[in-house]
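J.: Whatever this is, show me its structure:
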Amino acid sequence: MNRDTISFDVDDRGVATITVDRPEQLNALTVETLEAIEDALDEAADRDARALVIAGAGDEAFVAGADISYMVEMSTPEAQAYAELGHRVADAIESFPAPTVAAIDGYAFGGGCELALACDLRVAAESAVLGQTEIDLGIIPGWGGTQRLPALVGDEVARRLIFLGERIDAAEAAEVGFVGEVVADEAFDDRIDELAGELAAKPTTALRAAKEALNAAGEGAAATGHALERRAWAGLFGTHDQREGMRAFLEKREPEFE
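T.: From the prediction side, this is the model:
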């Protein structure tokens, strides 16, 4: 496993923690980072982790999204491969055999939100800010956001968040059902540790059965939606609006969409 962009640990309670460790880049996700997360998920499963925490290093971000400097010039086939990788990681989190917790401390945008949506539980620090912000880059959520977000918050809220690219604070995220719990910043790490410990202490066979049963709800329709999302996301690469949106972001200016 490449340890340069993540850290990984399993403690004596059986709690595994995967931390995206690129704080200077606000933990933005590269191909290397996604592949490292995928490897860590496999290792956590092999070590029979009883609970899993996904976190981000530093004080500013959980995961601020995918690496836009990497995506800006991608072709449609390259975007399709990137979408497949992102979906594979999110699906691996969703199907992980133990309960998973997204520890959202700081910014969670785009692909960062999609990793959180794939977790079983989402806990946010009071200062966290969340958003499916892809629309302002000329694209859409491409790692499951169009499917998991409406299932969590309802159709109308999901459409507003995705169509407008709104950024919402932790309190509003809890109000609409995006996160299940908001914790004071100073108590955040302790609460994540406490919750993960509570989950790890539960009967693992029963928890696995409960998770499998819960995930089975709407599974057929979701699979079709995820496939459509991947195709739609990749098809936007090479368009004027995708190139302009991402270049404007990198150049710190307002985009001029067609």
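
J.: Is Ala103 in contact with Asp193, as I believe?
T.: No. Contact criterion C-beta atoms under 8 Å: Ala103 and Asp193 do not qualify, at 9.5 Å. C-betas here are computed from N, CA, C, even on glycine.

J.: more neighbours, these two?
T.: For Ala103 against Asp193, the residue with the higher neighbour count under other C-beta atoms under 10 Å is Ala103, and the figures read 27 against 16.

J.: Relative to Gly245, how far out is the residue lying closest to the more buried one once chain neighbours are set aside?
T.: Of all residues beyond its chain neighbours, the one nearest Ala103 is Ala55 (4.2 Å), with distances taken as C-beta to C-beta, 6 or more residues apart in numbering. To Gly245, Ala55 is 29 Å away according to C-beta to C-beta, to the nearest Å.

J.: what's the answer for Pro77, then?
T.: Pro77 sits at a distance of 20 Å from Gly245 (criterion: C-beta to C-beta).

J.: The two: which is more packed in?
T.: Here Pro77 and Gly245 are set side by side on neighbour count (other C-beta under 10 Å), and the busier one is Gly245, at 23 against 11.

J.: now the strands for the stretch 1-150 of the chain?
T.: For the stretch 1-150 of the chain, the strands defined by DSSP state E, counting those that start in this stretch cover 6-10, 15-20, 51-56, 61-63, 100-104, 107-109, 121-125, 129-131.

J.: For Glu219, find the nearest of these.
T.: Ranking the strands of the stretch 1-150 of the chain by their distance to Glu219 (criterion: C-beta to C-beta) puts strand 100-104 first, at 17.6 Å.

J.: Contacts for the closest one next, please.
T.: Contacts of strand 100-104 from elsewhere in the structure, counted by C-beta atoms under 8 Å, 6 or more residues apart in numbering, are 51-56, 62, 93, 108, 115-116, 118-125, 128, 130, 170, 179, 188, 192, 195-196, 199.

J.: Tell me who's in contact with Gly197.
T.: With contact taken as C-beta under 8 Å, 6+ apart, Gly197 is in contact with 13, 15, 51.

J.: where does this structure dip in pLDDT?
T.: Filtered on pLDDT under 70, the chain yields the residue ranges 1-2.

J.: distance of the most centrally placed residue in it from Ala210?
T.: The chain has Leu115 as the residue nearest its centroid, 1.6 Å off, counting by C-alpha atoms, centre = their mean. For Leu115, the distance to Ala210 equals 22 Å [C-beta to C-beta].
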